[in-house]
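>>> show me the folded form of this:
(2 chains)
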Amino acid sequence: MENIQPNDVLAKAEFLRNNLSTGFRDEIVKSLYSEAEKIARRAVKTADNKKYDFDQTVDRLVTSPIVGLPIMVILLGLVIWLTVSGANVASEAIATILFSFGDLGKNFFNQIGAPWWLTGFLWDGVYLGLAWVISVMLPPMAIFFPAFTFLEDLGYLPRVAFNLDWMFKKSGAHGKQSLTMAMGFGCNAAGVVATRIIDSPRERLIAILTNNFVPCNGRFPTLIMLATVFVASAFPAALTSFVAAGTVVGVVLIGVAFTFVMSWALSRTFLKGEASAFTLELPPYRRPNFGRILYTSVIDRTIFILWRAIQTAAPAGAIIWLLANIPYGDVNLARAIADWLNPFGLLLGLDGVILLAYIIAIPANEIVVPTMMMMYMGAGMMIDGPSSNAAIFDLLVHGSGWTMLTAVNLMLFALLHNPCATTIMTIYKETKSWKWATISVVITLGLGFLVTFLTASVARLLGWT
Amino acid sequence: MTNTKTILPTEHCETCPAFTQLEQMGIKVGDFDRVVALAGNPNTGKSTLFNALTGLKQHTGNWPGKTVTRAEGGFEFNKLRYKLVDLPGTYSLLSASQDEEVARDFILFGQPNCTIVVTDATALERNLNLVMQVMEITENVVVAVNLMDEARRKGLEVDARSLSRDLGIPAIPVTARTGEGIHTLLGAVAEVIEGKVETKPLRVSGTPEFQKAVNELVPMIKQLAPGIPNARWLAIRLLDGDARVQKAITGGELEEIVSRQYQQDAQFSKKMSVEGRQ
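Numbering: from 1, shown residues only, chains lettered A, B, ... in the order given. Below you'll find the predicted structure:
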C-alpha cells in the first residue's frame, strides 16, 4: 500500500461507517454537549439580577402577539415621519442653493461666449442631473439611515424577525427572511447578499426573488416626494408631514404584503416545499455606540449610495439633454420616444415620459424622478429648476397633465418594478444563474405592469380620473 | 492609509513580560508575518473585536448573521505584522448554510496560524460547542471570552482560568467594545503561535468503537497527504459522510494545503528562527 489513492480512503471510510452502530453520530453530539455543560458550569457563577429581567420585560412587550406588530408599525411610522418632515426642509434648501449656482454657471458661460450646446450639455444636462439627485436623495438618506442603524445596533431587528416568523412560515418561506427584508430597506443588493444566512436553497431563492418588494433607499425619495407633493397637498398644511409619512408607511406595508403573497405563490409553484425550522437568538439590548452609528449610516450607507447615484446621474443627465436636443421630425428625440411609449404608459395610468425615465434609470433607480423632471422641463414647459414642492406640483399637474392616479400608480410602480442593475447582477452572482436573475426581473416587472394596469382600469371604470 | 493610530496598553504595563504595542493598520495587509482568524457564534462581537484591532470600520450590528463574507484587515503587535480575518458567525462547523461554509473552509483550508474563537460570556455553554469543534481541527486556538461587561451587568462571574484549564487552551476575558483585555489576548495569541504556550486541546472522543474506526482511518489520510495537520478531524468528518471533505480529498485540496504548510513553515522559521518546529 505504498501508493494510496484518494478513493481508497473514501472507500475505507464508507466501509468503517457501515460497520458502526447506527447511533454513533448522536453519541458524539451528546458527549460534546455534556462536556460543554460541565465546563461551563465550572467556569460560570450566576447571581440573581434585575437588569436581565428588564430585558425580558421589554421583550415580552415588543414580541407580544397582541402589541408586537402595532409597535413595529409605529416605529416604522416614526422613522419615516422623521425622515419626511426633516428631509422636506433640507431638500428645498439644498435645491435652492444648487439651482442658483447652476444659474450662475450658465450665465458665466453665456457671458464668455461659450457655444450654446456646451452650456446646455454641461449645465442643463450633467449639472442639473447631479443637482437633482443630491437635493432629492441626500436629506432623506441622512435621516433614515442613522435611525435605521440605531434600531439595528439596539438589537431590534431579531425581534422583528420573531414577530414576522409565523407569517413567513405560513407563506412557506424562512423566518430569517424578515432580516434580509429589513436589509432590503437599505439596499436591495445588500438584502440579496444577506440571504446567505438562510440554509435551505429553496427558501433562500424565495428571499432573493422577493427582496425587491421592499423599497430601498434609492426608491424612498421617489415615494416621499410623491406622497408629499400629491397626497399630502390635499390636506391642511399642519397635517402634511403626517399624511405623507402615513402614505409612505402604507406603500411599505403594501410591499411587505406583496412579499408574503409572492413567497406564498413561489413556495406553491416553482419552489415547492415546507418552511424549515430554525433557532433565532434574541440578543440582549445593547447601548448603541453613536459614533459608530454615524459612521456606518453616513459614510458606509449614505455617501456610498449617493456616490453611486451621482455616477449614474451625470451620464443620465447628459443623455437626457442629448435626447431633448436631437431633432427628430418636427420634435426632438426624447419627445418622439416618449410619444411612442405614451399609449402604453397611459394604459398603466402613467405616461410615456415616466416609462422613458425608467428605461434611462435602469442602472440606478435613484434617478427616476430627476430624469422625469428633466424630461418634462426639457420639453420646454419650464425653464428654471423647480425647487419647492409647489413648483413641482405645478410642473407635473399643469405642465404635464398628471392626476392623482398618475401619482398613486407611479408609487406602486416604484414599489414593484424591476430591480436596479446592481441588484440584478448581485442576484446573478449569488444564484450563479441567469435564469433566476431573469425570473426576478420578469416577476417584478410583470407584477408592476399588472397592478398599475388594474388600478388604472378600475379608476377609469369608476370615473375617478 | 497614513492615519494609523497607536493604542497604548491600558493595563499594568510593568507586569507585562515585554512592553507590548498594538498598531492598527487598516486594510494594509500586503506583507504580513502571521494570519489570525476570528471565529465564533453569531452576534458575539467578532466584528467589534476586528474593528478594535485593525482600526477598520467593518459594519457591526446587534443581530445574528450580519457578517456573511469574510473581511480582512491588519495590525502590528510587538513589531510583527498580523493579517486578521473576520469570519461569519456559526453555531457549528458541520456546515449547513453558505456563511457557515465560509467560516469552516477558512479555518480548515485557509490554515491560519491561530484561530481566536470569540465567545459570549453570558451564554458560555452554548458557545463552547463551537470552541470544541474548532479545537478538533487545530491546536492553535485561543478563546476570547467577550462581552464581559454584559456578563457583569447580569451578575455572572466567569472564571477564565477554570475554562482555560478544562479546555487546554488559553482563555482570555475581554470586552471588545471598550478594548479591555485586548493586549492580553494578543499576547496569548503570539505565545501560542510561537509555541511558548503549549496547548492541549480537550478532544471529545465518542464511543470506543468509533475511536477505533478513527484510528484506522487516520494513518491512511496521513499517508495520502503527509504532514497534514488535522488528519483526525478529517477522519471524523469522513466517517460522518461529509460531502465537502470528501470533495477536498478527491479534488486535491489536501495536497495544496500540505505544500502551502511547508512553504509557510520555511518562511516562518527563516523569519523567526524558531527551532524545533516542523
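>>> going forward, measure contacts between C-alpha atoms and count neighbours the same way
Noted.
>>> how about A:Ser267, nearest residue that isn't a chain neighbour?
Among residues not flanking A:Ser267 along the chain, A:Gly172 sits closest, at 5.6 Å (CA to CA, 6 or more residues apart in numbering or on different chains).
>>> do the same with A:Val397
A:Thr403 (6.5 Å).
>>> A:Gly218 too?
Closest to A:Gly218 by CA to CA, 6+ apart is A:Glu366, at 4.3 Å.
>>> where does that neighbour land on pLDDT?
On the pLDDT scale, A:Glu366 is placed at 75.
>>> thought A:Tyr33 was touching B:Val131?
No. The pair A:Tyr33 / B:Val131 is not scored as a contact, 11.6 Å apart, by CA atoms under 8 Å.
>>> can you give the domain ranges for chain B?
According to automatic domain parsing, chain B comprises the domains B:6-194, B:208-272.
>>> mind putting those domains in JSON lines, mean pLDDT and distance to chain A included?
Shown next, in JSON lines, are those (pLDDT from 0 to 100; distance: least, CA to the nearest CA, whole Å):
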{"stretch": "domain B:6-194", "mean pLDDT": "81", "distance to chain A": "4"}
{"stretch": "domain B:208-272", "mean pLDDT": "73", "distance to chain A": "5"}
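>>> deepest of the ones you listed, which one?
The highest mean neighbour count among those, using mean count of other CA atoms under 10 Å in any protein chain shown, belongs to domain B:6-194: a mean of 21.
>>> residue ranges for the helices of the stretch 351-465 of chain A, please.
In the stretch 351-465 of chain A, the helices defined using DSSP state H, counting those that start in this stretch lie at A:352-360, A:368-376, A:389-393, A:400, A:404-416, A:421-431, A:434-461.
>>> ok now the longest helix anywhere in chain A, how far from the chain's centre?
If you go by DSSP state H, chain A has its longest helix at helix A:68-111. Centre-to-centre, helix A:68-111 and its host chain are 18 Å apart (CA atoms, centre = their mean, to the nearest Å).
>>> tell me the mean pLDDT for that helix?
In this model, helix A:68-111 has a mean pLDDT of 88.
>>> what does the following helix or strand past that helix contact?
Under the assignment DSSP states H and E, the closest C-terminal helix or strand after helix A:68-111 is helix A:116-119. With contacts defined as CA atoms under 8 Å, 6 or more residues apart in numbering or on different chains, helix A:116-119 is touched by A:106, A:109-110.
>>> redo the residues you listed as JSON lines? Include distance to chain B and neighbour count.
Listed next are the contacts of helix A:116-119 as JSON lines, based on distance: CA to the nearest CA, whole Å; neighbours: other CA atoms under 10 Å in any protein chain shown:
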{"residue": "A:Lys106", "distance to chain B": "39", "neighbour count": "18"}
{"residue": "A:Phe109", "distance to chain B": "39", "neighbour count": "18"}
{"residue": "A:Asn110", "distance to chain B": "43", "neighbour count": "13"}
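>>> which one of those sits closest to A:Ile206?
Checking those against A:Ile206 by CA to CA gives A:Lys106 as the nearest, at 50.2 Å.
>>> pretty sure the closest one sits against A:Tyr127.
No. Between A:Lys106 and A:Tyr127 there is no contact, the gap being 10.2 Å when judged by CA under 8 Å.
>>> quick one on the thing from earlier: quick check: pLDDT value at the residue nearest to A:Val397.
pLDDT, A:Thr403: 86.
>>> then A:Pro386?
Confidence score, pLDDT, at A:Pro386: 59.
>>> the helices in the stretch 201-350 of chain A, which residues?
Using DSSP H, counting those that start in this stretch, helices in the stretch 201-350 of chain A cover A:201-210, A:220-226, A:240-268, A:290-294, A:304-325, A:333-347.
>>> same deal with the stretch 1-150 of chain B?
B:46-54, B:98-109, B:124-137, B:148-153.
>>> with distance to A:Gly23 added, can I get these in a markdown table?
Below are the helices of the stretch 1-150 of chain B laid out as a markdown table (distance: least, CA to CA, whole Å):
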| stretch | distance to A:Gly23 |
| --- | --- |
| helix B:46-54 | 35 |
| helix B:98-109 | 25 |
| helix B:124-137 | 19 |
| helix B:148-153 | 37 |
